[in-house]
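S.K.: Here is the input, now give the coordinates:
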Amino acid sequence: MKLCILAVGHKLPAWVAAGCAEYVRRMPRELPLSVVEIRPEPRGAKNREQLLAAEKARLRIALQGFSRRVALDERGVEVTTLQLAQRLETWMRDGGDTAFVIGGADGIDDEIKTRADAILRLSSLTLPHAVARLVLCEQIYRAMSVLRNHPYHREG
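M.R.: Residues are numbered from 1 along each chain as shown. The predicted model follows:
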């Protein structure tokens with residue numbers, strides 16, 4: 001099984017890119033993680049619907065080949081690290097590659113969310129997209145460390 005974060009956005013701060021790269025590097029061989037940037041639509045005079053439609057088209061192409069799709073949304077289900085670990089374990093048992101979708105500044109088109117197998121939220125706090133990407137990378141790594149009984153995660 002492979003995991004991929006599809007994130008609408010570009011021009012990340014170097015510290016975010018370095019942090020994501022570190023967690024990607026730490027992932028075990030049997031559960032590789034990648035981060036793919038999806039080009040955001042230039043804002044210009046376009047309205048929100050036009051922006052989301054253009055980004056939806058790019059996301060549809062990037063989502064091909066993924067049997068499981070998880071959208072990140074502020075109205076999604078908030079899970080704990082242990083619950084994420086349980087989901088990862090189930091997904092690994094069921095097989096198939098999993099894509100996590102982080103939308104752009106205007107979110108994710110409703111069609112992408114409707115077709116998602118799960119809609120999760122990382123926090124009740126509002127997070128900048130770059131930070132959300134880094135938090136998701138870290139939480140995926142942490143969830144995997146829980147499954148491997150690695151001391152990285154300390155439940156207290």
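S.K.: Please give me every residue in contact with Arg43.
M.R.: Residues near Arg43 by C-beta atoms under 8 Å, 6 or more residues apart in numbering: Leu51. Placement of C-beta: from N, CA and C, glycine included.
S.K.: Check the secondary structure at it for me.
M.R.: Three-state assignment for Arg43 (DSSP: H, G, I helix; E, B strand; the rest coil): coil.
S.K.: Also Ser123?
M.R.: Here Ser123 is recorded as coil under three-state DSSP.
S.K.: can I assume it is in contact with Glu78?
M.R.: Yes: using C-beta atoms under 8 Å, Ser123 is in contact with Glu78, at 7.4 Å.
S.K.: what comes into contact with the longest helix along the chain?
M.R.: Counting residues, the longest helix found in the chain (DSSP state H) is helix 129-147. Residues outside helix 129-147 that contact it (C-beta under 8 Å, 6+ apart) are 3, 5, 7-9, 12-13, 16, 19-20, 23-24, 26-28, 31, 33, 35, 72, 81-82, 84-85, 87-89, 100, 102-105, 122-123, 127, 150-153.
S.K.: In ChimeraX, how would I select just the buried ones from these?
M.R.: In ChimeraX, the members of those classed as buried (16 or more other C-beta atoms under 10 Å) are selected with the following command:
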select :3,5,7,8,9,12,16,19,20,23,24,27,31,33,35,72,81,84,85,87,88,100,102,103,104,122,127,153
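S.K.: Filter the contacts of helix 129-147 down to just the ones in helices.
M.R.: 16, 19-20, 23-24, 26, 81-82, 84-85, 87-89.
S.K.: got CSV for those residues, with distance to Met144 and pLDDT too?
M.R.: Formatted as CSV, the ones in helices among the contacts of helix 129-147 follow (distance: C-beta to C-beta, whole Å; pLDDT from 0 to 100):
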residue, distance to Met144, pLDDT
Val16, 20, 95
Gly19, 16, 97
Cys20, 15, 97
Tyr23, 10, 97
Val24, 12, 98
Arg26, 9, 96
Thr81, 10, 94
Leu82, 12, 94
Leu84, 10, 97
Ala85, 7, 96
Arg87, 12, 97
Leu88, 7, 96
Glu89, 10, 96
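S.K.: ok, the residues you listed vs Gln50, which is closest?
M.R.: Looking at the ones in helices among the contacts of helix 129-147 and their distance to Gln50, the nearest is Val16, at 27.6 Å (C-beta to C-beta).
S.K.: pLDDT below threshold where in the chain?
M.R.: Within the chain, the segments meeting pLDDT under 70 span 153-156.
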